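> show me the folded form of this:
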Amino acid sequence: MIRLHFLMALLLAAPAFAGAESTPSDLLKKNGVCFGAYMDFGETEDHVTLEDIESFEQLAGKAPVIIASSSYWGEQSFPSSNIALIDRHGAVPLVFWSPWDKPYDQNKGPDKFSLSEILAGKWNDYIDSWADGAKSFGKPFLVSFCNEMNGDWFPWSGAYYGAENGGPEVFKNAWRYVVDRVRARGATNILWVYHVNAFPAANDVWNLMASYYPGPDYVDWLGLSVYGKQFRADGNWAEFEDLLAWPYEEITALDPDKPVMLAEFGVGEFPKAGDKAKWFRDAFARIPKYPRIKAAVYWHERWQNEDGSFSNLRINSSPGALEAFKKGLGNPRWICRDRATE
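Numbers count the residues shown, from 1 in each chain. Below is the predicted model:
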């Protein structure tokens, strides 16, 4: 088992040789905020292509240190080709590993990959196979397992397993079970991201971030999803600072030392409600002022809703948004890679 002090040294220590060519892991060690992105890799978030990566980098004018994609349990596979492509491109893979069965509909209760079935050992063979794939990859990469469990939109949400001690306890037990099993297979190169939504679906004590926290030996990064307005029917426009300030205090209270990642952040284009360009300017200026935040992953996606409206979180949803995004990345506190091809 990789211990905390080793992980912190891996991620945050100074590069061993000054002037040596930077590796992805070296970039994670620098002072500042490592820029990351998810780049609309399809309905299952796992159709990773070099074309999509390079297209995004062309838009942003910078290359992300972290590139995110998903691995749904319904696919019953390890995303070896995806993380190999990301690694060859010079970035660190972030994988959202989600116990979710087809057709991947939100706002439904537990499916055959329920936390209870995981704890009963039903999916041990798959967990072992996934762990073997991770071990074979060999290099450090990030895994966000069962993200946003304090919401009510994913089937592993604590709300589906009962309030008070029910849901959070089942979640913590399942997290420890999976991490222990993966490590036992020798996949000690995984950096586990405890990834909550900034604001819970149920604003009750039982659903606080601390209720789900599996403990320091099971977590390497603390992660937050921080979204502005995503849907036309959402409430009022929320400015970035109002979305991050309190959740940052809550999540950093879980551990005094672990690095924090905005594992997802983004906002839609709704010009009648608010100014997306300003939201970007504020986000890129303010995120580096939070000392524990060491990485931030932008969610670059556009989709159509059932009411016919569109949720356009892409950085190029308008010329003004794109200009603000690119200018924000120019802040020297943001760490990016040099754009390059394989």
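> for residue 309, grab the count of nearby residues.
Using other CB atoms under 10 Å, residue 309 has 14 neighbouring residues. Heads up, the C-betas are built off the backbone N, CA and C, glycines and all.
> make that residue 91, sorry
Neighbour tally, residue 91, other CB under 10 Å: 25.
> for it, which non-adjacent residue is closest in space?
Leaving aside its chain neighbours, residue 91 sits nearest to residue 67 (4.5 Å; criterion: CB to CB, 6 or more residues apart in numbering).
> state the helix or strand in which that neighbour lies.
Assigned by DSSP states H and E, residue 67 belongs to strand 66-72.
> by contact count, what packs against that strand?
strand 33-38, helix 80-88, strand 92-98, strand 293-299 (3 or more CB pairs under 8 Å, 6 or more residues apart in numbering; DSSP states H and E).
> may I have the strands that pair with the helix or strand just after the last one, each with its orientation?
So the one you mean is strand 293-299. The helix or strand immediately downstream of strand 293-299 is strand 302-304, counting by DSSP H and E. Partners of strand 302-304 in the sheet, by DSSP bridges, are strand 310-312 (antiparallel).
> contacting residues around the longest helix along the chain?
Across the chain, the helix with the greatest residue count (assigned by DSSP state H) is helix 166-184. Contacts to helix 166-184, defined as CB atoms under 8 Å, 6 or more residues apart in numbering, come from residues 1-2, 115-116, 118-119, 124, 127-128, 130-131, 134, 145-146, 149, 156-162, 190, 192, 206-207, 211-215, 218.
> show me what counts as buried in that helix.
Under the neighbour-count criterion of 16 or more other CB atoms under 10 Å, helix 166-184 has 167-172, 174-175, 177-179, 181-183 buried.
> if we can go back for a sec, dump the helices and strands packed on strand 66-72 to TSV, plus distance to residue 309, mean neighbour count and mean pLDDT.
Formatted as TSV, the helices and strands packed on strand 66-72 follow (distance: least, CB to CB, whole Å; neighbours: other CB atoms under 10 Å; pLDDT from 0 to 100):
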stretch	distance to residue 309	mean neighbour count	mean pLDDT
strand 33-38	21	25	98
helix 80-88	30	17	98
strand 92-98	25	25	98
strand 293-299	18	25	98
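> nearest to residue 283 among those would be which one?
Closest of those to residue 283 is strand 293-299, at 8.1 Å (criterion: CB to CB).
> tell me what the closest one is packed against?
Contacts defined by 3+ CB pairs under 8 Å, 6+ apart place strand 293-299 against strand 33-38, strand 66-72, strand 260-266.
> adding distance to residue 105, write those out as JSON lines.
Shown next, in JSON lines, are the helices and strands packed on strand 293-299 (distance: least, CB to CB, whole Å):
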{"stretch": "strand 33-38", "distance to residue 105": "20"}
{"stretch": "strand 66-72", "distance to residue 105": "12"}
{"stretch": "strand 260-266", "distance to residue 105": "20"}
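> which of the residues in the strand holding residue 67 are buried?
Buried-residue list, strand 66-72, by 16+ other CB under 10 Å: 66-72.
> what packs against the helix or strand in which residue 211 is found?
Here residue 211, judged by DSSP H and E, is contained in helix 209-212. Applying 3+ CB pairs under 8 Å, 6+ apart, one finds that helix 209-212 contacts helix 166-184, strand 190-197, helix 240-252.
> return the distance of the closest residue to residue 326 other than its chain neighbours relative to residue 287.
In this structure, residue 326 finds its nearest non-sequential neighbour in residue 61, 4.8 Å apart by CB to CB, 6+ apart. Counting by CB to CB, to the nearest Å, the gap from residue 61 to residue 287 is 18 Å.
> the more surrounded of those two?
It is residue 287, of residue 61 and residue 287, that has more neighbours when counted by other CB under 10 Å, with 23 against 14.
> before we move on, the earlier item: what is the most widely separated pair among the buried residues of strand 66-72?
With distances taken as CB to CB, the most widely separated pair in the buried residues of strand 66-72 is 66 and 72, at 19.7 Å.
> nearest spatial neighbour of residue 194, skipping sequence neighbours?
For residue 194, ignoring the flanking residues on the chain, the nearest one in space by CB to CB, 6+ apart is residue 219 at 4.3 Å.
> picking that back up, quick one: the longest helix of the chain to strand 190-197, angle?
160 degrees (axes from the mean of the first three to the mean of the last three CA atoms, to 10 degrees).
> from residue 85, how far out is residue 55?
Counting by CB to CB - residue 55 and residue 85 are separated by 14 Å.
> where does pLDDT dip in the stretch 201-342 of the chain?
340-342 (pLDDT under 70).
> from one end of stretch 58-66 to the other, what's the distance?
Start-to-end span of stretch 58-66 (CA to CA, to the nearest Å) is 16 Å.
> tell me how far that stretch is from the chain's mean position?
In this view, stretch 58-66 has its centroid 17 Å away from the chain centroid, taken as CA atoms, centre = their mean, to the nearest Å.
> pull out the buried positions in that stretch.
59-60, 62-66.
> which of those fall in helices?
Per DSSP H, the subset of the buried residues of stretch 58-66 in helices is 59-60.
> looking at the buried residues of stretch 58-66, which is nearest residue 306?
Looking across those and measuring by CB to CB, the closest to residue 306 is residue 59, at 28.1 Å.
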